[in-house]
Each structure stands twice: as structure tokens, then as C-alpha cells.
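Undergrad: Just the structure for this:
(chains A, B and C)
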Amino acid sequence: MFDYLEDLNAAQKEAVIRTEGPSLVIAGAGSGKTRVLTYRIAHLLKQGIRPSSILALTFTNKAAREMKDRIATVVGENLARYLWMGTFHSIFARILRAEHEATGYLSNYTIYDATDSKNLVKTIIKEFKFDDKIYKPGVVASRISMAKNNLITPRAYAENTEIRTYDRNIRMPGISDIYNEYSKRCFLSGAMDFDDLLLKTNILFNSHPEILKNYQNRFDYVLVDEYQDTNYAQYRIIKMLAAEHNNICVVGDDAQSIYSFRGARIENIFNFRNDYPELKIFKLEQNYRSTRTIVNAANSIIGKNKRQISKKVFSEKEEGTRIKVMQALTDNEEGFLVANEISETLLRNHYKYSDYAVLYRTNAQSRIFEESLRKRNIPYKIYGGLSFYQRKEVKDLLSYFRLVVNPSDNEALKRIINYPARGIGATTLSKLEQAALGKGTSIWGIITTLGENNTPGFNKGTLAKIGAFSGLMKEFRKIATEADAFETGKTIAEKTGVLKDLYNDKSPEGLSRYQNLQELLNAIQEFTVSGEEEGRPNSLTDYMAEVSLLTDMDNEKPEDRNKVSLMTAHMAKGLEFKNVFIAGLEENLFPSNQSGEKGKIEETEEERRLFYVAVTRAMENVYLSFALQRYKWGKLDFCTPSRFIDEVDEAYLDMPAPKIKNSFEPEIRQFAGEASFNRSGIKGKLRPMAASGQNILNRKLVRLKESSYSGSEFKGDDPSKIVPGVTVEHQRFGMGKVLNVEGVPPNLKATVFFQNAGQKQLLLKFARLRIIS
DNA sequence: GCTCAGGGCATTTTT
DNA sequence: TGCCCTGAGC
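TA: So this is what the prediction gives:
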């Protein structure tokens, strides 16, 4: 068997074998952090420690899975399998299910995702008659989330003068009441949100010392990955669990703490020493990933931060090439330069597409790179954005499953009670909801007792419709108790007509929706079959307990293997690529100082850490690219390069960072049109817009019914037949068509873009007319 | 209850 | 630009 200790350098080895007592492993970028964690666990197992007494917490399922697989290769599958290894959320969800009696919940509780939480908050805002211009659901939800992450209960929130003053200052003094109501409703629905999994675990351990004791005794060893990203709630749980044996090992890198906006506290890693004065510190400083140039350049950036744990990250690899600075005039040009560089270096250096990543700050920036890569026939994959589990069709079907598992789940019920259409509209639903609130029960609770007690006073027709729905659900619930997850899931998908609905939609979007549902069913089948093989329970209930905590990263497809990756710098953490483009490095998109008064330095430092994370993803080549002018929300912005480029030591750049400060005069051509378009013809006024190079005519859309565009053909209505004056001339790239538009000067042409309306019927296609010169 | 046009808004998000 | 929400009108 292979000797894992041989596979380590001196510092790594120390960190692996000194297993007793508290340890802090400071793991610089690319220093073999995962290796140390996995071998440390393997080492424990080799010494006869029972796997079930080891708790290892990660932030992503992927990290947990990879680590488990690697441990299995060292010590064998049957040992690895009994480890308590998983994400914070999944481990605590499991504990909360096991201890549900002490929490007041049932073991089948639902986990609300961010959308469910926001919808519930929105409902409450409306009911409380707060001004929804001021009370934004997203803002309120994030205040609630902040409170939970800091273990502030609704009551503590109400009594906290500092918080209340802050809320008053942002003109939302009612958040406290909303939070209180929100918690009550979640409980009534038998639901917890993501933050609850941490909050309720804390409450559970604090209020039931005997239960805490039980877990303290169970876990002889506690290990935590990415410790710099833990929030207060996670910190408290870790501390409690490790209090008995004190064998706690946390691994992290303060230089890579980039999630403060989600409640992560970099202080946790700074203060670890105070919590465990007798700790051992291990510093992993040798970087095995990147060239010396990249490591040194990264150091020169992060060195500007005041608050950090001292370390000297170094590389013994070759010096490598300098970082390339790419300056473009427009965002289009930037996309072109990136795509160009990829196709050239790919051939010259025999790279694969998967050796490249384009990183940016915001998801919206992906579009321009998508376009330019597509033009060059470079395969790419966009990460982030709408995840598989957030897709409408997937969420709809999952909502049926949720309701079957937990009929109290109001958010799920509201989502599907009228999908597919059953004639149960908003009015009926709101009556049901009010009745439920009045009685302190769930909507399902009202529905099932309508026979004896028709308080809302529904008429016969409505009662029949609701009855049919509840009959269907009862039937599903019965099947769920008898059949496995796949059998149940498939029956539900078929009997509700959800599957057929999409099958009948032959548009490309309809097809992809149908395929998504098939994919979901395949995943359930896989779960069912592997559960059966391994003797795990595999009912729909068991499946739902898992699926709520899955993300897009958890179902990567093989056909995405050899593609250029497009993602935010945040998402790239933990990954590595031979070539990394850090794109869109304009001051206003990669902000360094645009935040408010509070925490200006902290936020600048965090942006710098983000930049550091992005640079250290690269093994061989780093490109810093930016455009000097860019459209942002339709308006032209003049930009300067991010100040972070200036901070890179010039010795590592292939050209000095350009110091351009709005010094050029844009060439502006103006076009003021007279017409916009709709299905009945040309109407209204074109909004005149100034731009250089490319002119945007107007945001007015041509909405075409029953038509779509695929390949080079219009299916259904051709815009030229519908909108007078619009003629299709020839195809431009991918989505667009170049058009001649009546009334527009002959040197200007329009491009039509199609996109889905995303509404219920999926029939509308948008065509955007855009003038290009 | 559905459709459509118009208005308003806009980081990052491992769970 | 793009997307989501809302209210008018059918």
C-alpha cells in the first residue's frame, strides 16, 4: 500500500501526524491543503480511530466528496464511508432530523431555499401593508439571514437597540416584526431555511446539554476546512462540539477570505489562538501550483493588506512568463482579445480548452465572453447564474415532492396548487392562506378539513377543484409510503401532467425543460438504485432530505469536460487552471472603494483578497484584461483600470499598468430615430443614444408570438413578415440577424435577438432591435 | 385568470 | 441591457 507520509513535505507531514490537541493549519494558496486534510484523516483511521468518531466539515458537497474519495483510496472504502464528513449544512440537517423531538419540528422538515425565503418575506411585507418600495424582500431577507448567522433570535432582535436603530435609519423599522412573523410561518410550514440549520443546531445544543454531550462524546476529532469563511453560528457550533476532547484542527487561509457579505468572519481564524492558547500552528508555505512569477505577483498584491497572518508563500517551480496586461477600448474588443489569445496559445502550446478560465466579478459580465467565444467556435461552460435546481420546471416538480413529504410546506403548495392550471387562482389561494393563518395551521390543514368546515365560504365549483387537488396529493402520499423514490417521483411527474405539458412543447426551450425533468428523474433513479445496493433507505423522503442541499456544482456532466470555464472569481476558489484571464478589471466593475462609510478598509482588503484568489488559480499564465469603455445598464461608462493592477509589482507584468484616467475623447456618433416597433407596426419614438462604435437604437422590443430562432431559420413568424419595414438581410453570429429597418439611415443596421419570455406559456419570443454600424 | 406593455432596478452567494 | 413585477384590459 502506498505510504502517504512519503507524499508530503516536512510542514505538511507535521500537520498530518500531530493529531492531538488543537491545531491551526495556515494553508497558502496551492500549498496542498486538501492533501493535508485527507491524509490527516487517513492517518487517524490508520491508527485505529473509529471513522464514526471523526467529524470533518466543509463548505461544499464537492469538497466533501473529493476528500472522502481520496481517503477511500488510502484506507479503503468501507472505513471512509462511516466518516461524519459533509458540509456544515448537511451534517447539522442530519443532526436536526435525528434530534427533531427536541426541536419541536418533525423529522421530515423542509429546507427552504433562498427563493422560498424571499417569497415568504414578500408575502409578509404585503400582509403587514408595508410600503414595498421601501421594504425590499431581498434586503429584508438578508437582514434576517444576518441575524440568524449571528445567533440573534427574533426576540433578541427586537430588544437590540443597535440593530433597531440601524433598521430605522434605512427606513425599515418593521424588519423586527417581519423576522418574528417569518420564523413563526416557517415553523407552521415545518420548514427551516439554510440559516436555520445553523441557528437551530446552536439552540438545540444550548438548550439540551445532554444532547450536546452525546455529540461531544461521539466526535473525538473535529476538522474544519476553509475556516476563514466560517460565520459566527458555525464558529459557536464547532467550539461546542470540540469542547470535550479538544482535538480540533482547522485549516484555512486568511488571505482567501472572500465571503464576508454572507456573514463569514475572518476574525475566526485570527482569533483561533485566543480560543485555544495551547494550539499548534502549521504553516504550509510552499506553493505547488503556480510559477514563481505568479506566486510573487500574488504576494505583492496581498502584501498591501494590513490585517493578516504572516506567512511566506513561495514556489520552486520555474520562473514562468510574466503576467499579461490586456487593454481594450470596448468590451467587445476585450472579448475578442481574450478569445483570440485562447485560440492562438491553444494551438501553439498544445493546451486543452479546459486549461483556460475566464474569471470576472459579476455574472452579468459573462455575456460578452460567451459571444466572443461562440464567434470563434470555442467551447465554453458558464458556471453560476441560474442553477439546475432553481430552474422553474425543476423547482415545480420538486415542489410536488416537497409537498408529498411535508404537506405543511406552504411555499411548495402555493407554487404548484395551480400548476398545471386547475382553476385555483390567486383569490382562492389567498382565502385559503388567510384561513390557515387564522387557525394557526398550514394551508394543507385547511384544505383537508374543508369538508366539515368551509369557513372561507367557497362555492361548489371551487370546492370541487380543491378537492381534486387534495385527492391527488393524498394518492401521492400513499404511494410514497409504499414505493421507492424513483417510482414515486415518476408517478407524480406523470399523473400531474407536468411531464406531458413539457413534452408537448416542441420549442427548443420546451425541449430543454423536458430534458431537465428527465435529468432530475435520472438523478432520483440513481439515488434509488445506489440506495438499494448499499442498503440505505431510498424513499422520496430520504431523497428530499438530500436534494435540498445540493447545488449546481454537484452534477457536472462529462460533455463539459473539455471546455473553457467562465465563472465569477468567487466561484473559482479551490479550483486551478493553467491559464487564467481575470477580465473586466475596470474600476467600476471590480470595485475597490465604492462601498459606504462602514468598513471601507475591510472591504477594500476583501476585494484585494478576491483579486489574490483569482490570480492564484493560475498555474502558468495570468492575463489581466479590461475595457476603457463599457455599457452598463445600457449606458456608456468610461472606465479606468482597477487600482489593483497598479498594486502588482511591475517586475511581474509584461507592461507597466496603464495609468489612464479618463483621458480620451470618445468618438460619439448620434442617431435619433423616430420609431420603435411592436407587433402592430412601428410606433413611438426611438430613444436617441450616444455611443461610439456601436449604437443602441432602443430597448423597445418586437414581440413575436409562436416563433423562435434556431440555427439559421426562423420557426414560426418571421419578423420581416410581422413588422412592416423590417427585412432580414443576412445572418450574423449565433443569436442575431442583421436587419434593414425602414426609417433608419442606410449605414445603420439592426440585430434581432431572441429570448424566452419566461412566462407561463413560453410562447413569446423577444426580438431586440439593435443598431450596429 | 390570462396576456401584454411599461416601469423600475441593478455585486459577489460554497449552503 | 435584461429581468421581474404590476396593473390595465380582455
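
Undergrad: Identify the residues contacting A:Met85.
TA: Applying CB atoms under 8 Å, 6 or more residues apart in numbering to A:Met85 gives the contacts A:Ile41, A:Ile54, A:Leu55, A:Ala56, A:Leu57, A:Thr58, A:Ala64, A:Met67, A:Lys68. Just so you know, the C-beta spots here come from the backbone N, C-alpha and C atoms, and that holds for glycine as well.

Undergrad: Same check on A:Ser260?
TA: So, once contact is read as CB under 8 Å, 6+ apart, A:Ser260 ends up touching A:Ile266, A:Glu602, A:Glu603, A:Glu606.

Undergrad: Out of the residues you listed, which end up buried?
TA: A:Ile266, A:Glu603, A:Glu606 (16 or more other CB atoms under 10 Å).

Undergrad: Out of those, flag the one nearest to A:Ile309.
TA: A:Ile266 (10.0 Å; CB to CB).

Undergrad: what about A:Thr551, how many neighbours?
TA: Neighbour count of A:Thr551, defined by other CB atoms under 10 Å: 14.

Undergrad: Oops, could you answer that again for A:Asp225 instead?
TA: 27.

Undergrad: right, and it touches A:Leu37 too?
TA: Yes - A:Asp225 lies in contact with A:Leu37 (CB atoms under 8 Å); the separation is 6.1 Å.

Undergrad: if I look at these two, which residues touch both of them?
TA: A:Ala56, A:Met67, A:Val251.

Undergrad: which residues touch the residue most central in space within chain A?
TA: Closest residue to the average C-alpha location of chain A: A:Gly384 at 5.9 Å, with CA atoms, centre = their mean. Listed by CB under 8 Å, 6+ apart, the contact set of A:Gly384 reads A:Asn363, A:Ser366, A:Asp552, A:Met567, A:Thr568, A:Met571.

Undergrad: For the fifth one, which non-adjacent residue is spatially closest?
TA: In space, and not counting its chain neighbours, A:Thr568 is closest to A:Gly384: 5.7 Å by CB to CB, 6 or more residues apart in numbering.

Undergrad: Let me know whether my guess that the one you found is in a strand holds.
TA: No - A:Gly384: not assigned to a strand; according to DSSP: H, G, I helix; E, B strand; the rest coil it is coil.

Undergrad: distance of it from DNA strand B?
TA: Here A:Gly384 is placed at a distance of 4 Å from DNA strand B (CB to the nearest atom of the strand, to the nearest Å).

Undergrad: per-residue confidence for that residue?
TA: You'll see A:Gly384 listed with a pLDDT of 79.

Undergrad: how much space between it and DNA strand C?
TA: 13 Å.

Undergrad: repeat for A:Leu511
TA: 18 Å.

Undergrad: Pretty sure A:Ile26 sits against A:Ile309.
TA: Yes - contact criterion CB under 8 Å: A:Ile26 and A:Ile309 qualify, at 5.7 Å.

Undergrad: Who has more neighbours out of those two?
TA: For A:Ile26 versus A:Ile309, the count of surrounding residues by other CB under 10 Å is larger for A:Ile26: 27 against 18.

Undergrad: Would you mind writing the CA trace of the helix or strand harbouring A:Lys62 as PDB?
TA: For A:Lys62, the host element (DSSP states H and E) is helix A:61-75. The C-alpha coordinates for helix A:61-75 follow below in PDB (Å, rounded to 0.1, in the frame of the first residue of the first chain):
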ATOM      1  CA  ASN A  61     -20.500  19.000  -1.200                       C
ATOM      2  CA  LYS A  62     -17.900  18.700  -3.800                       C
ATOM      3  CA  ALA A  63     -15.100  19.300  -1.400                       C
ATOM      4  CA  ALA A  64     -16.500  16.700   1.000                       C
ATOM      5  CA  ARG A  65     -17.000  14.200  -1.800                       C
ATOM      6  CA  GLU A  66     -13.500  14.600  -3.200                       C
ATOM      7  CA  MET A  67     -11.900  14.300   0.200                       C
ATOM      8  CA  LYS A  68     -13.900  11.200   1.000                       C
ATOM      9  CA  ASP A  69     -12.900   9.600  -2.300                       C
ATOM     10  CA  ARG A  70      -9.200  10.400  -1.600                       C
ATOM     11  CA  ILE A  71      -9.400   9.000   1.900                       C
ATOM     12  CA  ALA A  72     -11.000   5.900   0.500                       C
ATOM     13  CA  THR A  73      -8.100   5.300  -1.900                       C
ATOM     14  CA  VAL A  74      -5.700   5.400   1.100                       C
ATOM     15  CA  VAL A  75      -7.600   3.400   3.800                       C
END
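
Undergrad: who's in contact with that helix?
TA: Taking CB under 8 Å, 6+ apart as the rule, helix A:61-75 contacts A:1-2, A:4, A:34, A:37-39, A:41-42, A:45-46, A:56, A:58, A:79-81, A:83, A:85-87, A:90, A:225-226, A:549-551, A:553-554, A:574.

Undergrad: The residues you listed also near DNA strand B: which ones?
TA: Among the contacts of helix A:61-75, the ones lying near DNA strand B by CB under 7 Å from any atom of the strand are A:Thr87, A:Ser90, A:Glu226, A:Leu549, A:Thr551, A:Met553, A:Asp554, A:Gly574.

Undergrad: which residue packs closest to A:Ile134, ignoring adjacent ones?
TA: A:Arg171 (5.3 Å).

Undergrad: what's the neighbour count on the one you found?
TA: Neighbours of A:Arg171 (other CB under 10 Å): 10.

Undergrad: do A:Leu575 as well
TA: For A:Leu575, using other CB under 10 Å, the count is 14.

Undergrad: Show the subsequent helix or strand relative to the helix or strand encompassing A:Ile294.
TA: According to DSSP H and E, A:Ile294 maps onto helix A:292-302. Scanning forward in sequence from helix A:292-302 by DSSP H and E, the next helix or strand is strand A:314-315.

Undergrad: helices or strands up against that following strand?
TA: Contacts defined by 3 or more CB pairs under 8 Å, 6 or more residues apart in numbering; DSSP states H and E place strand A:314-315 against strand A:286-287, helix A:292-302.

Undergrad: which one of the ones you listed is the most hemmed in?
TA: helix A:292-302 (a mean of 23; mean count of other CB atoms under 10 Å).

Undergrad: what sits up against it?
TA: With CB under 8 Å, 6+ apart, helix A:292-302 has contacts from A:29-30, A:255, A:287, A:290, A:308, A:313-323, A:608-609, A:611-612, A:615-616, A:618-620, A:622, A:644, A:647-649, A:651-653.

Undergrad: Grab the nearest non-local neighbour of A:Met240.
TA: A:Phe205 (5.3 Å).

Undergrad: after the helix ranked longest in chain A, next one along is what?
TA: The residue-count maximum for a helix in chain A (DSSP state H) belongs to helix A:508-534. Sequence order places helix A:540-547 as the next helix or strand after helix A:508-534, per DSSP H and E.

Undergrad: Got phi/psi on the residue nearest to A:Thr568?
TA: Main-chain dihedrals, A:Gly384, degrees, to the nearest 10: phi 90, psi -170.

Undergrad: That one and A:Phe590, how far apart?
TA: According to CB to CB, to the nearest Å, A:Gly384 and A:Phe590 sit 16 Å apart.

Undergrad: A:Tyr288 too?
TA: From A:Tyr288 over to A:Phe590 (counting by CB to CB), the distance is 28 Å.

Undergrad: Which pLDDT value belongs to the one residue in the stretch 401-550 of chain A that gets nearest to DNA strand C?
TA: Going by CB to the nearest atom of the strand, DNA strand C is nearest to A:Ala426 of the stretch 401-550 of chain A, at 10.5 Å. On pLDDT, A:Ala426 comes in at 81.

Undergrad: I'm done for today, thanks for sticking with me.
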